[in-house]
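Novice: Make a model of this:
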Amino acid sequence: MKRTGLALIAIALAGWASLVPAHAVPPTATPSPGYEARLQEQRAASRAVVAPVVKPRRAKKPRAH
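Specialist: Below is the predicted model:
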């Protein structure tokens with residue numbers, strides 16, 4: 001009985017531990033200035049390219065009575 005109880009407690013603790021979110025720490029490496037410049041250029045280019053295209057509205061034909 002003791003082993004079964006301990007096994008159930010261990011399974012319950014393992015299940016609870018799997019639900020706890022992980023806390024990741026970012027790396028401490030500093031990016032190079034060239035990399036930052038390329039990122040800025042890429043972001044500026046992506047903002048310039050994404051321009052909304054406005055379609056002309058279709059005119060409805062008047063109904064004949």
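
Novice: where do the helices sit along this structure?
Specialist: Ranges of helices in the chain, per DSSP state H, are 2-19, 33-49.

Novice: Tell me where the model's unsure across the chain.
Specialist: Residues of the chain meeting the criterion pLDDT under 70: 1, 25, 28, 48-52, 65.

Novice: Apply 80 and report the result again.
Specialist: Using pLDDT under 80 as the threshold, the predicted model of the chain has low-confidence ranges 1, 15-31, 46-53, 64-65.

Novice: neighbours of Arg58, just the number please.
Specialist: Other residues within reach of Arg58, judged by other CB atoms under 10 Å, total 6. Heads up, the C-betas are built off the backbone N, CA and C, glycines and all.

Novice: right, so of the helices of the chain, which gets closest to Pro62?
Specialist: The stretch from the helices of the chain with the least distance to Pro62 (CB to CB) is helix 33-49; that distance is 40.2 Å.

Novice: As PDB, could you dump the C-alpha coordinates of that closest one?
Specialist: The C-alpha coordinates for helix 33-49 follow below in PDB (Å, rounded to 0.1, in the frame of the first residue of the first chain):
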ATOM      1  CA  PRO A  33      26.300  47.300 -34.700                       C
ATOM      2  CA  GLY A  34      26.300  46.000 -38.300                       C
ATOM      3  CA  TYR A  35      23.500  43.500 -37.400                       C
ATOM      4  CA  GLU A  36      21.500  46.300 -35.800                       C
ATOM      5  CA  ALA A  37      21.900  48.500 -38.900                       C
ATOM      6  CA  ARG A  38      20.700  45.700 -41.200                       C
ATOM      7  CA  LEU A  39      17.700  45.200 -38.900                       C
ATOM      8  CA  GLN A  40      16.800  48.900 -39.100                       C
ATOM      9  CA  GLU A  41      17.100  48.900 -42.900                       C
ATOM     10  CA  GLN A  42      15.000  45.800 -43.200                       C
ATOM     11  CA  ARG A  43      12.300  47.200 -40.900                       C
ATOM     12  CA  ALA A  44      12.300  50.500 -42.800                       C
ATOM     13  CA  ALA A  45      12.000  48.700 -46.200                       C
ATOM     14  CA  SER A  46       9.200  46.500 -44.900                       C
ATOM     15  CA  ARG A  47       7.200  49.600 -43.700                       C
ATOM     16  CA  ALA A  48       7.700  51.300 -47.100                       C
ATOM     17  CA  VAL A  49       6.500  48.300 -49.100                       C
END
